[in-house]
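Colleague: got a sequence here, can you model it:
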Amino acid sequence: MKLLRICFCLLLLQMTAGCVTEPAIYDEERQASVAEALALFRAHEELRPYFRDALAYAVFPANWRAGSGFGAAFGNGWLFEQGEVTGRAIMTEVFVGPNVGIQADRKILFFRSEDALDQFRRGRFEFTGQANATLATRGRALTPGFSPDVAMFVLVRGGLLLEASVGTQRYDFFPLAN
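Modeller: So this is what the prediction gives:
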């Protein structure tokens, strides 16, 4: 079982290495998935002040997380500044703690300060801590704020995951290819 967990994490790390070399191109397929995710987030009235007041936001339309004792997560997203896409972001996470299952979700980060946005662009953006319970498409993901200048919200797409873990979530940024 331990060997299976190690192989699983190595496989996830291998997948992220391959994705990093792909140029950041915001094509029609990606635009459609981001537009769908943004529509779902904008439908939540409590997020309107964040959309209004944020300097920028990063949308991750399809993220996956899986674990059994310890686990990993991965997702691709896009950074919007003044309504325009400025680059691609890759989220990777490793976590440990009581957890079992797999989950798909959508995520959005709102940046309230230039300093937080610069840290994100430089790829020096990390976050720790997670509590989560998901069953099919009904669930709740409670993610504590990790900076007074950044807010994160998660919409669960589906899966079966019970989790109370601690880990590191890292974001790498790649400017849009011309």
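Colleague: switch to C-alpha atoms for all contacts and neighbour counts from now on
Modeller: Fine.
Colleague: what is the top strand by length along the chain packed up against?
Modeller: In terms of residue count, the longest strand belonging to the chain (DSSP state E) is strand 84-111. In terms of contacts (3 or more Cα pairs under 8 Å, 6 or more residues apart in numbering; DSSP states H and E), strand 84-111 is packed against strand 56-81, strand 150-175.
Colleague: after that strand, which helix or strand is next? Please name it.
Modeller: helix 114-121 (DSSP states H and E).
Colleague: mind listing what's buried along that following helix?
Modeller: 116, 117, 120, 121 (16 or more other Cα atoms under 10 Å).
Colleague: export those to a markdown table and tack on pLDDT?
Modeller: Formatted as a markdown table, these follow (pLDDT from 0 to 100):
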| residue | pLDDT |
| --- | --- |
| 116 | 89 |
| 117 | 92 |
| 120 | 90 |
| 121 | 91 |
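Colleague: what's the closest of the residues you listed to residue 87?
Modeller: residue 121 (8.8 Å; Cα to Cα).
Colleague: tell me who's in contact with that closest one.
Modeller: 172, 173, 174 (Cα atoms under 8 Å, 6 or more residues apart in numbering).
Colleague: quick one: pLDDT of the spatially closest residue to the second one that is not a sequence neighbour?
Modeller: The shortest distance from residue 173 to any residue other than its chain neighbours is 4.4 Å, reached at residue 89 (Cα to Cα, 6 or more residues apart in numbering). Taken from the predicted model, the pLDDT recorded for residue 89 is 94.
Colleague: related to what we said a few turns ago, can I get the buried residues of helix 114-121 in CSV including distance to residue 69?
Modeller: Formatted as CSV, those follow (distance: Cα to Cα, whole Å):
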residue, distance to residue 69
116, 32
117, 33
120, 29
121, 32
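Colleague: ok so, going back, closest to residue 101 out of the helices and strands packed on strand 84-111?
Modeller: Short answer: strand 150-175, nearest of the helices and strands packed on strand 84-111 by Cα to Cα, at 4.2 Å.
Colleague: between the closest one and strand 56-81, how many degrees?
Modeller: Orientation check (axes from the mean of the first three to the mean of the last three Cα atoms, to 10 degrees): strand 150-175 against strand 56-81 gives 30 degrees.
Colleague: what's the angle from strand 150-175 to helix 114-121?
Modeller: Going by the same axes, to 10 degrees, strand 150-175 makes 50 degrees with helix 114-121.
Colleague: can you get me the start-to-end distance on stretch 33-52?
Modeller: This stretch, stretch 33-52, spans 22 Å end to end (Cα to Cα, to the nearest Å).
Colleague: mind checking how far it is from the chain centre?
Modeller: 15 Å (Cα atoms, centre = their mean, to the nearest Å).
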